[in-house]
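1. Quick one: sequence and predicted model below, then my questions.
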Amino acid sequence: MPIYMDHHATTPIDERVLEAMLPYFGDRFGNAASRTHAHGKMARDAVERGRAQVAGLIGAKPDEVVFTSGATESDNLAIRGVAQARLGDGKHIVTARTEHRAVLDTCAALEREGWRITWLDVDPQGVVSLDAVADALTDDTVLVSVMLANNEVGVIQDVAAIGALTAERGITFHCDAAQGLGYLPFSVEDMNIDLASISAHKMYGPKGVGALYVRASLQARGAPVALMHGGGHERGLRSGTLNVPGIVGFGEAAEIMKNDGTEEAARVESLRDELKERLLDAMEEVHLNGAASPRHPGNLNLSFGYLDGARLLLDLCEVVSVSSGSACSSAEAGPSYVLEAMGVRKDWSAASVRFGLGRHTTAAEVQAVANAVIETVGRLRERSPLWARRASGKQVDW
């Protein structure tokens, strides 16, 4: 099998997480909503344990955690749910152009329904300016949505500063925290976050389960409004039979991240920097996309000049599993919208590769991937008339 370096798309389930889940596929199969017998109580206790573990990772109270199918559903519930709850307060939402598609597409849908959306630009490093956020806020603003770490370029936003700004103005603040949670400092209290979207499969947990943190004071005001009805599960915010094995695994993954995430992040970051230095030192015309720091410790997004990016990925796929952008947009043709928002030229954007290192990445794998990339880029450039023209000192017109 190829070496796996696409941890932003998904992470392999941790063996400890799988071990915790397995009994809930067998003897402990009860429905957590069944309140009259032992099977239901066993399932309900497991769910509440998982809820407490997830809450502990982000510094929340357990009853502020609402289980969903993943961060995409959580983003939708947060944004559309708050929009519906606060219709009488204003119809203005602020977000950034580099957010995950689940945020961008939900905001775009609201825009078609008459909402005013301010789409914040980012600088060439991918960073949202705090001044731009402040300037965008009006008396009609009911929600600001800015992510913790970008899923393509790993750039970390100053969510604490944004949270302080929104708290001062009494504006609800949503953060998509799916990427980097556990590796990066994150506290809903310290950062004044009202809503936070989380996904288990980004932190070595199972796919198909996530959560939305909803601040208790926000719930007391009737926000967000539920998008799914039928049974009143999750305090009425997300009806549907709970995924007990998934929640158990989610909780275990959160507990591991809480205990080991900081140390693990340092190790992953060291390997990431080793890969970056090796590739940048060995080749010309290689650009780092996004701010070097602060950055998701496992993220390395590079553009390789004078190359066909699709061909590069194809030639690398037998050695390493990497991608050219976010998994959520992989069906779309054309350059990355994130890199476009950062002002990266289309030819460079089209030749970008995202390396996502993770928990099980080794130093030997980093060296093997570096060797493969250096060899493949060199071979493809030897065949490139554009590279030959550039090497001869002639002007290259893209």
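-> Structure received.

2. CA atoms for contacts and neighbours, from now on please.
-> Noted.

3. quick one: low-confidence ranges for the stretch 1-150 of the chain?
-> By pLDDT under 70, the stretch 1-150 of the chain contains no weakly predicted segment.

4. Buried residues in stretch 379-393, which are they?
-> For stretch 379-393, a neighbour-count test (16 or more other CA atoms under 10 Å) marks 380, 381, 386, 387 as buried.

5. For the first one, list the residues it contacts.
-> Applying CA atoms under 8 Å, 6 or more residues apart in numbering, we find residue 380 in contact with 307, 312.

6. any idea of the pLDDT on it?
-> What the model reports as pLDDT for residue 380 is 93.

7. same deal with the third one?
-> At residue 386, the predicted lDDT confidence score is 79.

8. which residue packs closest to it, ignoring adjacent ones?
-> Spatially, and ignoring its direct neighbours in sequence, residue 386 is nearest to residue 306 (6.2 Å; CA to CA, 6 or more residues apart in numbering).

9. Could you report the separation of that neighbour from residue 291?
-> Using CA to CA, to the nearest Å, one gets 23 Å for the distance from residue 306 to residue 291.

10. So if I had to pick from those two, which one is more boxed in?
-> residue 306 (22 against 16; other CA atoms under 10 Å).

11. quick one: contacts for that one?
-> 347, 381, 384, 386, 387.

12. Relative to residue 320, which of the residues you listed is nearest.
-> Checking those against residue 320 by CA to CA gives residue 381 as the nearest, at 19.6 Å.

13. which helices and strands does the biggest helix by length in the chain pack with?
-> The longest helix of the chain (DSSP state H) is helix 244-282. Applying 3 or more CA pairs under 8 Å, 6 or more residues apart in numbering; DSSP states H and E, one finds that helix 244-282 contacts helix 15-21, helix 38-58, strand 286-288, strand 299-304, helix 363-382.

14. Contacts for the first one next, please.
-> Spelled out, it's helix 15-21. In contact with helix 15-21 (CA under 8 Å, 6+ apart) are residues 204, 205, 245, 246, 248, 249, 250, 252, 253.

15. Report the buried residues of that helix.
-> 17, 18, 20, 21.

16. For that helix, list the C-alpha coordinates in PDB.
-> Extracted C-alpha coordinates of helix 15-21, given in PDB (Å, rounded to 0.1, in the frame of the first residue of the first chain):
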ATOM      1  CA  GLU A  15      -6.800   0.800  17.500                       C
ATOM      2  CA  ARG A  16      -7.800   2.000  21.000                       C
ATOM      3  CA  VAL A  17     -10.900   3.700  19.500                       C
ATOM      4  CA  LEU A  18     -11.900   0.600  17.600                       C
ATOM      5  CA  GLU A  19     -11.500  -1.500  20.700                       C
ATOM      6  CA  ALA A  20     -13.800   0.800  22.700                       C
ATOM      7  CA  MET A  21     -16.400   0.700  20.000                       C
END
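
17. give the contact list for the residue nearest to residue 302 when sequence neighbours are not counted.
-> Distance criterion CA to CA, 6+ apart; nearest residue to residue 302, sequence neighbours excluded, is residue 288 at 4.7 Å. Contact analysis of residue 288 by CA under 8 Å, 6+ apart lists 300, 301, 302, 303.

18. bridging residues for the closest residue to the second one other than its chain neighbours?
-> Right, the one you point to is residue 301. Counting by CA to CA, 6+ apart, residue 301 lies nearest to residue 354, which is 4.4 Å off, once chain neighbours are set aside. Taking DSSP bridges as the rule, residue 354 bridges to residue 301, residue 323.

19. what does the model give residue 354 for pLDDT?
-> 96.

20. Over to the nearest residue to residue 257 once chain neighbours are set aside: give its phi and psi.
-> The shortest distance from residue 257 to any non-neighbouring residue, by CA to CA, 6+ apart, is to residue 182 (5.0 Å). Residue 182 adopts backbone torsions of phi 100, psi -40, taken as degrees, to the nearest 10.

21. who's in contact with residue 182?
-> With CA under 8 Å, 6+ apart, residue 182 has these contacts: 57, 203, 254, 257, 258, 261, 262.

22. and of the residues you listed, the nearest to residue 140?
-> Closest to residue 140, out of all of the contacts of residue 182 and judged by CA to CA, is residue 57, at 33.0 Å.

23. residues touching the closest one, list them.
-> With contact set as CA under 8 Å, 6+ apart, residue 57 has these partners: 182, 254, 255, 257, 258.

24. Could you check how far it is from residue 253?
-> According to CA to CA, residue 57 and residue 253 sit 10 Å apart.

25. quick revisit: so which of the contacts of helix 15-21 wins on neighbours?
-> Neighbour counts for the contacts of helix 15-21, by other CA under 10 Å, peak at residue 250, which reaches 33 neighbours.

26. wait, doesn't it sit right on residue 202?
-> No. Under the criterion of CA atoms under 8 Å, residue 250 is not in contact with residue 202, lying 10.2 Å apart.

27. hmm, back to that, tell me which two of the contacts of helix 15-21 sit farthest apart.
-> Every pair of these checked by CA to CA; the farthest is 204 and 245, at 14.3 Å.

28. could you list every residue that touches residue 187?
-> Neighbouring residues of residue 187 by CA under 8 Å, 6+ apart: 58, 59, 60.

29. nope, residue 40 is what I was after
-> By CA under 8 Å, 6+ apart, the neighbours of residue 40 are 30, 31, 32, 33, 34.

30. returning to what we had before: I'd guessed the residue nearest to residue 301 sits against residue 154; true?
-> No. Contact between residue 354 and residue 154 fails when scored by CA under 8 Å: they sit 9.5 Å apart.

31. Counting neighbours, go ahead and name the busier of those two.
-> A count of neighbours by other CA under 10 Å puts residue 154 above the other of residue 354 and residue 154, at 28 against 25.

32. contacting residues for the more buried one?
-> Contacts of residue 154 (CA under 8 Å, 6+ apart): 290, 295, 296, 297, 299, 300, 301.
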